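Visitor: Give me the fold of what follows.
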Amino acid sequence: MAITYQKAGVNIDAGNELVKRLKKKLPKVGGFGGAFPIDRTKYNLVSSTDGVGTKLKIAFLVNKHDTVGIDLVAMNVNDIVCVGAKPLFFLDYFACSKLNVDLAEKVIKGIIDGCKQAGTQLIGGETAEMPSFYKGEDYDLAGFAVGIIEKGKEITGQDIKEGDIVIGLPSSGPHSNGYSLIRKVFSKEELKKYSKELLAPTTIYLKEILTALKKFNSGKKNKFVGIAHITGGSFYDKISRILPDNTHVIINKGSWKVPEIFNTIQKKGNVSDKDIYRTLNMGIGMVIFVKPKFAKEVMKSFRGAKAIGFVQKGKKGVEII
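Guide: Residues are numbered from 1 along each chain as shown. Next up is the predicted model:
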């Protein structure tokens, strides 16, 4: 029997529908980061909030908690940099049944490591004990990041045009999405077997991207015209989020080597190509839209970057061939 993300308990369409309804009430929501103007200055604040999801279940299973904090930071700062913003500070929320100080210290260590990688500061957070809500040593994490960008410098994707090249940056593994599907596909023994690949910390792309933006977007015309963090909804939903109307993206799935863990998940679960590329990042954690003239030069700025697609005129959306 084929397994889908929805059968694993996650309905991406329902999430998208909620965002659509919220956008009617709050037109500014729905992007990778929410911008807020600072009065009488030339800057906007950009914020993001996210968690680690059911990847934590793998951490519980193998009792490894020192890297999920990196995931938490990454999921937030990678969203913020999609707008071109630099994170200023980070806050965390740690909820549990009964506080295990040694375990919590390992988690917080990961958060500190993630903040160092991102060049941002952990300035506080909240620890909540809720014994009637959580069981045993289960815990949950949420993070909140705030960044800053000069007004008018935001990368929104609205300058994406026909002919632009899509560059993919390699992921370290599934990052922090699709674990409900992964846990549906694999037995406990298999989750333990593949735990190294499944718990690989989410790559933090921030420093590489900010360095490249300083080089390529400092003139009058931006060479980077769109950035998308490939998380929930993956290629189809996350890329579509930043596309202008009448732009259609073609992704060539043979243009990069898909790490074996993704092939194993797809084969074991009999997951269709459409569902796997809408659930997992398949080895590409971030995509950048650049003007074709500068594509080769931009790729030299990133480790393992590949040209994975292009933009053409057509119905707004993504096609994987």
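Visitor: How is the chain divided into domains?
Guide: Using automatic domain parsing, the domain ranges for the chain come out as 31-150, 165-320.
Visitor: would CSV of those domains with distance to Thr156, mean pLDDT and mean neighbour count be doable?
Guide: Every C-beta, even on glycine, is put in place using the N, C-alpha and C of the backbone. Output for those, formatted as CSV (distance: least, C-beta to C-beta, whole Å; pLDDT from 0 to 100; neighbours: other C-beta atoms under 10 Å):
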stretch, distance to Thr156, mean pLDDT, mean neighbour count
domain 31-150, 8, 92, 19
domain 165-320, 7, 95, 19
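Visitor: how about these in a markdown table, adding distance to Asp159?
Guide: Below are the domains of the chain laid out as a markdown table (distance: least, C-beta to C-beta, whole Å):
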| stretch | distance to Asp159 |
| --- | --- |
| domain 31-150 | 12 |
| domain 165-320 | 4 |
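Visitor: For Gly157, find the nearest of those.
Guide: domain 165-320 (3.0 Å; C-beta to C-beta).
Visitor: residue boundaries of the helices in the protein?
Guide: Assigned helices in the chain, in chain order: 12-25, 55-62, 68-81, 101-118, 179-185, 188-193, 195-198, 206-216, 234-240, 260-269, 273-279, 295-299 (criterion: DSSP state H).
Visitor: Kindly reformat the ones you listed as a markdown table containing distance to Val146.
Guide: Formatted as a markdown table, those follow (distance: least, C-beta to C-beta, whole Å):
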| stretch | distance to Val146 |
| --- | --- |
| helix 12-25 | 20 |
| helix 55-62 | 24 |
| helix 68-81 | 8 |
| helix 101-118 | 12 |
| helix 179-185 | 27 |
| helix 188-193 | 35 |
| helix 195-198 | 30 |
| helix 206-216 | 14 |
| helix 234-240 | 22 |
| helix 260-269 | 33 |
| helix 273-279 | 29 |
| helix 295-299 | 28 |
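Visitor: Leu169 is nearest to which of these?
Guide: Of all the helices of the chain, it is helix 206-216 that lies closest to Leu169, at 7.7 Å by C-beta to C-beta.
Visitor: what does the closest one contact?
Guide: Identification of contacts with helix 206-216 by C-beta atoms under 8 Å, 6 or more residues apart in numbering yields 77-78, 80-81, 84, 86-87, 117-119, 155, 169, 222-224, 227, 286, 288, 290, 294, 297-298, 301-303.
Visitor: For Lys153, which residues are in contact?
Guide: Contacts of Lys153 by C-beta under 8 Å, 6+ apart are Gly84, Asn217.
Visitor: Now do it against Val225, distance only.
Guide: As judged by C-beta to C-beta, to the nearest Å, Lys153 and Val225 stand 13 Å apart.
Visitor: same question, Lys151
Guide: 18 Å.
Visitor: next one: Phe262
Guide: Distance of Phe262 to Val225, computed by C-beta to C-beta: 28 Å.
Visitor: same deal with Ile209?
Guide: Ile209 sits at a distance of 14 Å from Val225 (criterion: C-beta to C-beta).
Visitor: Please apply the same query to Ile80.
Guide: Taking C-beta to C-beta, one finds Ile80 at 18 Å from Val225.
Visitor: now Gly168
Guide: 16 Å.
Visitor: go on, Ser48?
Guide: According to C-beta to C-beta, Ser48 and Val225 sit 21 Å apart.
Visitor: can you check Ile148 too?
Guide: 21 Å.
Visitor: Also Leu141?
Guide: Distance of Leu141 to Val225, computed by C-beta to C-beta: 33 Å.
Visitor: do Ser180 as well
Guide: Distance of Ser180 to Val225, given as C-beta to C-beta: 33 Å.
Visitor: what's the answer for Lys300, then?
Guide: Distance of Lys300 to Val225, computed by C-beta to C-beta: 18 Å.
Visitor: Would you confirm that Ile58 contacts Ser180?
Guide: No: using C-beta atoms under 8 Å, Ile58 is not in contact with Ser180, being 11.6 Å away.
Visitor: what's the closest non-adjacent residue to Gly93?
Guide: Let me fix one detail, which is that residue 93 is Tyr and not Gly. In space, not counting the residues next to it along the chain, Tyr93 is nearest to Ala142; the distance is 4.2 Å by C-beta to C-beta, 6 or more residues apart in numbering.
Visitor: what sits against that neighbour?
Guide: Thr49, Asp50, Gly51, Leu72, Asp92, Tyr93, Ala95.
Visitor: And Asp113, by the same measure?
Guide: By C-beta under 8 Å, 6+ apart, Asp113 lies in contact with Thr67, Gly69, Ile70.
Visitor: Can you give me the separation between Phe186 and Tyr236?
Guide: Taking C-beta to C-beta, one finds Phe186 at 24 Å from Tyr236.
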